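Trainee: Build me a structure from this.
(one chain, ligands or ions: 2)
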Amino acid sequence: MLNISKVETFYGNIQALRGVDVKVNDGEIVALIGSNGAGKSTLLMTISGVNKAATGEIVFDKKDISNLPPHDIVNLGISQVPEGRRIFSRLTVEDNLRLGASVNQKGKNFDQDAKEVYDLFPVLKDRLLQRGGTLSGGEQQMLAIGRAMMARPRMLLLDEPSLGIAPKLVNQIFASIKNINKEKGVTVFLVEQNAKKALELADRGYVLVNGNINLEGSGKDLLNNPDVQAAYLEGGKK
Ligand SMILES: Nc1ncnc2c1ncn2[C@@H]1O[C@H](COP(=O)(O)OP(=O)(O)O)[C@@H](O)[C@H]1O
Ligand SMILES: [Mg+2]
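Mentor: Numbering: from 1, shown residues only. Ligands and ions are numbered 1, 2, ... in the order given. As a prediction, this is how the structure comes out:
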């Protein structure tokens, strides 16, 4: 479904990605783990077209998307939930969802799409007229995921959904990611510093180190890999 090959991305003359190869198959949950600054967010932003790859190819459903603007990529079916959530804090929950719907021409049936979001995150339905900024961190993350779902994606890019969120809500959010994948058939590419949770959920995973893919394997194999355990799982460098 998504085929990333030899992608290099720069910020000025800082090279953040150094020839990344990643594949995400239709229906999978794939996790990308790695330390702070490894290039995880840069990879997601390069897929969604916010950053541009200097070299390499990003193919989604046989179409090279590496030179498309972000809105075209959304319309092809890829929605991103950015790191730090980026909801509109002064707009209501409902208006945040409307903005998610409006980015995609397919997202015309607001009521039906919103109902699916409320089924995933019932708390949002109780807060429709409340401003986004008054929600808890976990609820804002739910809103950010809900907003992305309003565009009816076939693939969801999630950047650190557990960051800064209370453990109880983290479990709820991971359960909803699983639900989005299994019940709604949305393919998921998940970036996480919480390597344990991400690899437990994922079918497959990749480890990014300094802009390079260092390891790949099934979620289970990576969880059992001594190098992964030492670096990301056992109170080592997170
Ligand atoms: N807007 C930017 N300008 C310059 N350098 C950046 C910018 N964003 C990220 N970087 C650098 O690119 C590298 C990868 O960052 P990032 O993709 O945010 O890593 P991660 O998400 O894995 O923490 C880091 O060295 C970071 O400092
Ligand atoms: Mg990041």
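Trainee: CA atoms only: put the helix or strand bottoming out on mean pLDDT in the chain into PDB for me.
Mentor: None of the helices or strands of the chain scores lower by mean pLDDT, DSSP states H and E than helix 93-102, at a mean of 89. C-alpha atoms of helix 93-102 as PDB (Å, rounded to 0.1, in the frame of the first residue of the first chain):
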ATOM      1  CA  VAL A  93     -15.000  20.200  19.500                       C
ATOM      2  CA  GLU A  94     -17.600  20.100  16.800                       C
ATOM      3  CA  ASP A  95     -15.900  22.800  14.700                       C
ATOM      4  CA  ASN A  96     -12.600  20.900  15.000                       C
ATOM      5  CA  LEU A  97     -14.300  17.900  13.500                       C
ATOM      6  CA  ARG A  98     -15.900  20.000  10.800                       C
ATOM      7  CA  LEU A  99     -12.400  21.200   9.800                       C
ATOM      8  CA  GLY A 100     -11.300  17.600   9.500                       C
ATOM      9  CA  ALA A 101     -14.200  16.800   7.300                       C
ATOM     10  CA  SER A 102     -13.700  19.800   5.100                       C
END
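Trainee: Okay, buried residues for it please.
Mentor: Buried residues in helix 93-102, counted by 16 or more other CB atoms under 10 Å: 93-94, 96-98, 100-101. Just so you know, the C-beta spots here come from the backbone N, C-alpha and C atoms, and that holds for glycine as well.
Trainee: mean confidence score for the lengthiest helix in the chain?
Mentor: Assignment by DSSP state H gives helix 167-182 as the longest helix of the chain. Averaging pLDDT along helix 167-182 yields 94.
Trainee: What distance do you get for the residue positioned nearest the centre of the chain to Leu190?
Mentor: Per CA atoms, centre = their mean, the C-alpha nearest to the average position across the chain is that of Leu158, at 1.2 Å. Here Leu158 is placed at a distance of 5 Å from Leu190 (CB to CB, to the nearest Å).
Trainee: what do those two both touch?
Mentor: Taking CB atoms under 8 Å, 6 or more residues apart in numbering as the contact rule, Leu158 and Leu190 both touch Ile177.
Trainee: hmm, back to that, by contact count, what packs against the longest helix of the chain?
Mentor: strand 29-33, helix 110-120, helix 137-149, strand 187-192, helix 195-201 (3 or more CB pairs under 8 Å, 6 or more residues apart in numbering; DSSP states H and E).
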